[in-house]
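>>> No sequence on hand, only this structure:
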């Protein structure tokens, strides 16, 4: 077996560009996913029967299907249904938004409902409207509790970007595949790709630990 690690150096610019695209999809998708998940989660926790039911259906559909199927549906089936063609990059970001939104919704719902009802009742007793109770009393406490599972979802979404290879998005995994197909140096290239993912997920984990320690509930 002839392994030459030096060849990786020549492909570092391409791998770095792939990593940048991976981070762009992850960050952009998670911003939308967290916003969507927060709304859906509050609908699940405080919405009436109709809102709660709609949110429940959305969450169950997304959590019950693989993300690669969702990507294929958005890229290949959606244009047939509504005659709208979505480019691969937009499809990737939209898939992260929709997929992460469902999981974030359950994280938000769980965090909100874990706060003692006595705090909510105390806020209502002093005359605060429901939305102020949620924003100023329940929200800050729930936010601290949702940081660990939310951080885990961020890492999962980052790794999920590798599945967008199926629609030709030039993220890190796709870049590694193209390089390997050209020189057949599978050990060196895929090891380098794995190291890039470990650096990204490790950095994200470290940041989340710092945030968690600063906001820990004593």
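Okay, I see it. In this text the structure is predicted, and so the values were computed from the model without any measurement.

>>> which residues of the protein score low on pLDDT?
Across the chain, the ranges flagged by pLDDT under 70 are 1, 216-218.

>>> Which residue ranges of it form strands?
In chain order, the chain shows no strands, with DSSP state E as the criterion.

>>> show me what contacts the residue minimising distance to the centre of the chain?
For the chain, residue 157 is the residue whose C-alpha lies nearest the centre (C-alpha atoms, centre = their mean; 3.7 Å). Contacts for residue 157 (C-beta atoms under 8 Å, 6 or more residues apart in numbering) come out as 26, 29, 30, 33, 96, 99, 100. For glycine as for every other residue, the C-beta is placed from the backbone atoms N, C-alpha and C.

>>> how about 10 Å then?
25-27, 29-30, 33, 67, 95-97, 99-100, 103-104 (C-beta atoms under 10 Å, 6 or more residues apart in numbering).

>>> That one and residue 149, how far apart?
The gap separating residue 157 from residue 149 is 13 Å, by C-beta to C-beta, to the nearest Å.

>>> Need the overlap of contacts for these two.
Common contacts of residue 157 and residue 149, defined by C-beta under 10 Å, 6+ apart, comprise 103, 104.

>>> between the contacts of residue 157, which is nearest residue 77?
Closest approach to residue 77 among the contacts of residue 157 (C-beta to C-beta): residue 95, at 12.8 Å.

>>> thinking that closest one is in contact with residue 67, fair?
Yes - with contact defined as C-beta atoms under 10 Å, residue 95 counts as touching residue 67 (6.3 Å).

>>> between the two, what contacts are shared?
157, 160, 161, 163, 164.

>>> With distance to residue 3 as extra columns, can I get those in CSV?
Formatted as CSV, the shared contacts of residue 95 and residue 67 follow (distance: C-beta to C-beta, whole Å):
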residue, distance to residue 3
157, 33
160, 30
161, 28
163, 28
164, 29
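
>>> In helices only, show me those residues.
157, 160 (DSSP state H).

>>> got the buried residues for stretch 163-177?
163, 164, 165, 167, 169, 170, 171, 172, 173, 174, 175, 176 (16 or more other C-beta atoms under 10 Å).
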